[in-house]
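Q: the following block contains a protein sequence and its predicted model.
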Amino acid sequence: MKSNDLDIKCRVCLSNNLEIFKIHHFCFSPKDNNWKSYFCFECGAVSEFNSKNEENIYATSEYRDKKNHFNDNSEDKNILPPIDPWSTVSFKRWKHIYDILDNKTTITKKKEFKMLDYGGYNGFLPYAFNQKNKVNSYVADFDKKGLRMAEFLGSKVINLSINSVEEKNFDLITLVHVLEHLDYPKNQLEKLKENLSNEGLIYAEVPNLYGFPLGDPAHNIAFTKFSLSKMFLDLGFDVISCGYTSTPKDSIKFGYFYSSIFEAIYIVAAPTDSRKNRNKLPSPNIPKSIVKFKYDLNLSYVKIMLKFISPNIFKLFFQYFKIFILFSFYGLFELLCLKIFKKSFGGKTIISKLIKKRKNRN
Ligand SMILES: [Zn+2]
């Protein structure tokens, strides 16, 4: 135990084989000084703790309203759009989630299934799935505004500020970018396991420690493939599939440039015994020292900046530049044509004006 605080343990595996660290980065600004970050030598995850211990920010929509994904320059801050514009991007996540489930499991072959989107906010994911299969869907969240939308879109809703999930026999429970917000996700997963049907599945997706910068003040944990899989295995799940995934590319237009092939990690897991093939854990690749960890992390940041963010921004710049050229050159060309051939429009052209001037001089 090398951490300074004796009671601090890894939020993922609960080990106290931790060491505190700080990352300084010019492009990916870290969390403020109220936060302390610890690397776990047991599972390779990063756990972060806020010494100010801010209370639940999810119930009031404050967490989403604080995010400025849309670069909202609205003049009247009291007038809010009916949905968080970022939802357009997160809605599109349904496609890769559905494709993973389609490739790795048989759930999409079912005509009808029962689904819980835990932390599902506005219920866009079940709304999309419901257009592919018949889905008896539930959305559990703290956010009342989100839940109202989820209900409007046909899901039954569970307000986690008041109730816990009592409903059982879910064929699918999804936790999309939820686990990293929790204090100790093992607790919630252990409970949710009880809500699954015999053949039930969990699909979870989280940012990748080495694919997404630390710094989001709403995140308490940064996972690796190993730490995420190990957590599920420790809870008595079989890992059906674990791999990398990313935010839909449209996010770039919203000023979010991190989309890369290893930005996020997904896992599909089922309680042990319901599946026969027990998947092996991904290799741990845990750095031996905190210095080596910081080196690896900084190297991964370099990779993100050079291989993904820069090309993403360049592509966007080039797209806009092409449109700029089209409009500005065509605009100039049209202006010239209109001035030269003004006569055919009933006016006087530049040429006829010049001839007239010369005549007058003579
Ligand atoms: Zn750990």
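A: Thanks, I have it.
Q: residue 243 sits in which helix or strand?
A: strand 237-245 (DSSP states H and E).
Q: so for that strand, mean pLDDT?
A: If you average the pLDDT over strand 237-245, you get 95.
Q: quick one, longest strand in the protein?
A: strand 196-207 (DSSP state E).
Q: can you give the strand pairings for it, parallel or anti for each?
A: strand 170-176 (parallel), strand 264-271 (antiparallel) (DSSP bridges).
Q: give the next helix or strand downstream of the longest one.
A: This means strand 264-271. Using DSSP H and E, the first helix or strand after strand 264-271 is helix 290-303.
Q: so residue 101 makes contact with residue 107?
A: Yes - if you go by C-beta atoms under 8 Å, residue 101 and residue 107 touch, sitting 5.5 Å apart. In this view, the C-beta of every residue, glycine as well, is placed from N, C-alpha and C.
Q: so for those two, which residues contact both of them?
A: 172, 201 (C-beta atoms under 8 Å, 6 or more residues apart in numbering).
Q: re the thing from before, can you list contacts of the strand holding residue 243?
A: 96, 100, 104-105, 193, 201-202, 205, 208, 211, 225, 228-229, 232-233, 261-272, 274-275, 277-279, 281-282.
Q: re earlier: and the ion, which of the strands paired with strand 196-207 is closest to it?
A: Among the strands paired with strand 196-207, the nearest to the ion by C-beta to the ion is strand 264-271 (15.0 Å).
Q: any idea how far the closest one is from the middle of the chain?
A: 16 Å (C-alpha atoms, centre = their mean, to the nearest Å).
Q: I'd like the numbering to begin with 44 instead of 1 from here.
A: Yes, from this point I'll number from 44; that puts the last item at strand 307-314.
Q: contacts for it, please.
A: 140, 143-144, 147-148, 220, 236, 239, 242-251, 254-255, 266-268, 271-272, 275, 279-290.
Q: are any of those buried, and which?
A: 140, 143-144, 147-148, 220, 236, 239, 242-251, 254-255, 266-268, 271-272, 275, 280-285, 288-290 (16 or more other C-beta atoms under 10 Å).
Q: and stretch 160-174, what's buried?
A: 160-173.
Q: what about it, start to end distance?
A: 16 Å (C-alpha to C-alpha, to the nearest Å).
Q: for stretch 209-223, same thing?
A: 23 Å.
Q: tell me the average confidence for that stretch?
A: 97.
Q: can you pull the buried residues of that stretch?
A: Buried residues in stretch 209-223 (16+ other C-beta under 10 Å): 213, 214, 215, 216, 217, 218, 219, 220, 221, 222, 223.
Q: what's the spacing between it and its chain's center?
A: 17 Å.
Q: same check, this time on stretch 239-247
A: The answer for stretch 239-247 is 22 Å, by C-alpha atoms, centre = their mean.
Q: reformat the buried residues of stretch 209-223 as JSON lines; add distance to residue 154.
A: Formatted as JSON lines, these follow (distance: C-beta to C-beta, whole Å):
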{"residue": "213", "distance to residue 154": "17"}
{"residue": "214", "distance to residue 154": "12"}
{"residue": "215", "distance to residue 154": "14"}
{"residue": "216", "distance to residue 154": "19"}
{"residue": "217", "distance to residue 154": "19"}
{"residue": "218", "distance to residue 154": "25"}
{"residue": "219", "distance to residue 154": "24"}
{"residue": "220", "distance to residue 154": "29"}
{"residue": "221", "distance to residue 154": "28"}
{"residue": "222", "distance to residue 154": "30"}
{"residue": "223", "distance to residue 154": "34"}
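Q: show me where this structure has its strands.
A: 61-64, 78-83, 89-93, 155-161, 177-184, 199-202, 213-219, 239-250, 264-265, 280-288, 307-314.
Q: ok, and for the last one, which residues are buried?
A: It stands for strand 307-314. Those would be 307, 308, 309, 310, 311, 312, 313, 314, for strand 307-314 by 16+ other C-beta under 10 Å.
Q: now the most centrally placed residue in the chain: closest residue in space that isn't a chain neighbour?
A: By C-alpha atoms, centre = their mean, the chain has its centre lying nearest to residue 290, at 5.5 Å. Among residues not flanking residue 290 along the chain, residue 302 sits closest, at 5.0 Å (C-beta to C-beta, 6 or more residues apart in numbering).
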